[in-house]
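J.: Need the 3D shape of this:
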Amino acid sequence: MSKKLFIRTYGCQMNDYDSEKMADILAASHNLELTDIEAEADVLLLNTCSIREKAQERVFHQLGRWRPFKERNEEVLIAVGGCVASQEGKVIRQRAPYVDVVFGPQTLHRLPKMLDEAKTKKKLVMDISFPEIEKFDNLPEPRAEGPKAFVSVMEGCSKYCTFCVVPYTRGEEVSRPVDDVLAEISSLASQGVREVNLLGQNVNAYAGDMVDGDTADFALLLHYVAAIEGIDRIRYTTSHPKEFSESLIQAYEDIPELVDHLHLPVQSGSNTVLARMKRGHEIAEYTDKLARLKKIRPNMSFSSDFIIGFPQETDDEFEQTMQLIEQVGFDHSFSFIFSARPGTPAADMSDDVDIAVKKQRLERLQALVNKQTEDLSELMVGTVQRVLVEGESKKNSLQITGRTENNRVVNFAGPSRLGGQFVDVLITEALRNSLRGRMVKRGEE
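T.: Numbering: from 1, shown residues only. You can find the predicted model right below:
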């Protein structure tokens, strides 16, 4: 009888990717089968993220909920991985001594050995080192689950923005060799994947080794990925404006597989705030790059990240952010009130913006972005969109669902056998969180 594994994941798409790999690794090494019932798990695994406010407390709250499972059955193993584990390993040892394994984002491939060691020694096993690219060399064969897949192409970040913990929890930028990335994507394509989303903390800083000794930048990698048979749509996240290069802008003219949508975090519309954030770019540079992309792709849409109430943010600086949002017409955003991350330079700055002011600014910003989201959705009504069918609609079994290039969910009538294929859909209605449409013709088989 196979044993059970429960995984709870906090955070970004990189963490989702890592959790999938952990499940694959432990299925191969320990015959662990995933369960969504915590009480029946033999191994409880928490994959953490340091980005959100009170991330550490969220982790300890979850561990506290798991403690009774361990007290009832000492054979149950509890493991904590990800960025909080990397940052707070010693604190976990002190506050949650019942945890068996603590590991960082770069050492997940060592999990089978660490679980065995914890079971044998009956004491905490911790590995939060940064062993460069070793993780990717030790992952199982890629496994497709549907027509879309995430592929991690690089790890870490070397930008050291004053608010961000990533360089401290995931290390400096390290890129996978080109051939390794292409082999993984080719394998996924042979399993029916049609769309890939390339992942990295700062993905456009990619600099992968090639077999001839040269180094490929991100734009060149995109050219190679687009040439893989079966891959018809390419997304990527997350980018840094400073490294959104000339060659990457040109790629939008040369690579039709690149979608007409870009997520490019700006964080603030104020140059003075950007300087305090140590972002390394100014707003004029940012908007110029978006304008050039819009010239190449008139249907291009943009989304971004915003931090609200960064230390010393004035009313005027916030208004500059609002002006940028209106100017660009962002159709989506990830926006959060600033909260200091321990160990970052911003944690030592005077956080002097009143919390009520922060909340009011966030509300205004999100209302504006939501209005722009709705406006763009309305503009899509009457247009024909190329949609990658993902399967049956969650809310209506008589409908199928997929996404447009600009990442809108569309539900429409059609047979489920079209899953994994592209179809042309006439958009007939814009709803709050999705679109409705009517299939006008089938795309590529």
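J.: Kindly list the main-chain dihedrals of residue 222?
T.: phi -60, psi -40 (degrees, to the nearest 10).
J.: Kindly report the same for the one 3 residues further on.
T.: The main-chain torsion angles of residue 225 are listed as degrees, to the nearest 10 and equal phi -60, psi -40.
J.: Run a quick neighbour tally on it.
T.: 24 (other Cβ atoms under 10 Å). Heads up, the C-betas are built off the backbone N, CA and C, glycines and all.
J.: List the contacts of it.
T.: Neighbour list for residue 225: 181-182, 185, 196, 198, 231, 234, 257 [criterion: Cβ atoms under 8 Å, 6 or more residues apart in numbering].
J.: What is the nearest of those to residue 350?
T.: Closest to residue 350 out of the contacts of residue 225 is residue 198 (38.4 Å), distances taken as Cβ to Cβ.
J.: If you drop the residues flanking it in sequence, what lies closest to the closest one?
T.: Nearest residue to residue 198, sequence neighbours excluded (Cβ to Cβ, 6 or more residues apart in numbering): residue 236, at 4.1 Å.
J.: Which pLDDT value belongs to that neighbour?
T.: If you check residue 236, the pLDDT there is 96.
J.: ok, back up a step: residue 265: which of the contacts of residue 225 is nearest?
T.: Using Cβ to Cβ, the contacts of residue 225 come closest to residue 265 at residue 198, 15.9 Å.
J.: wait, doesn't that closest one sit right on residue 151?
T.: Yes. Using Cβ atoms under 8 Å, residue 198 is in contact with residue 151, at 5.7 Å.
J.: Mutual contacts of the two, please.
T.: Counting by Cβ under 8 Å, 6+ apart, the residues touching both residue 198 and residue 151 are residue 181.
J.: Just to be sure, which of the contacts of residue 225 are found in helices?
T.: 181-182, 185 (DSSP state H).
J.: export these to a markdown table and tack on pLDDT, distance to residue 44 and neighbour count?
T.: Shown next, in a markdown table, are the ones in helices among the contacts of residue 225 (pLDDT from 0 to 100; distance: Cβ to Cβ, whole Å; neighbours: other Cβ atoms under 10 Å):
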| residue | pLDDT | distance to residue 44 | neighbour count |
| --- | --- | --- | --- |
| 181 | 94 | 32 | 24 |
| 182 | 95 | 36 | 18 |
| 185 | 96 | 32 | 23 |
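J.: Out of those residues, which comes closest to residue 243?
T.: Using Cβ to Cβ, the ones in helices among the contacts of residue 225 come closest to residue 243 at residue 181, 17.9 Å.
J.: tell me which residues in stretch 272-290 are buried?
T.: Within stretch 272-290, the residues scored as buried using 16 or more other Cβ atoms under 10 Å are 273-274, 276-277, 279, 281, 283, 286-287, 289-290.
J.: any low-confidence regions in this protein?
T.: 1, 51-55, 130-140, 441-445 (pLDDT under 70).
J.: residue boundaries of the helices in it?
T.: 13-30, 55-72, 83-95, 111-121, 134-137, 166-169, 178-190, 218-226, 246-254, 271-277, 283-296, 315-328, 355-380.
J.: Touching the second one from outside, list them.
T.: The reference is to helix 55-72. Taking Cβ under 8 Å, 6+ apart as the rule, helix 55-72 contacts 8, 10, 38-39, 41, 44, 46, 48-50, 52, 76, 78, 80, 83-84, 88, 91-92, 95-96, 98-99.
J.: at 10 Å instead, please
T.: 6, 8, 10-11, 38-42, 44, 46, 48-50, 52, 54, 76-78, 80, 82-85, 87-88, 91-92, 95-96, 98-100, 165, 339, 341-342 (Cβ atoms under 10 Å, 6 or more residues apart in numbering).
J.: ok so, going back, of all the buried residues of stretch 272-290, which comes closest to residue 262?
T.: residue 290 (7.9 Å).
J.: Check whether that closest one really touches residue 328, as I assumed.
T.: Yes. Counting by Cβ atoms under 10 Å, residue 290 touches residue 328, with 6.0 Å between them.
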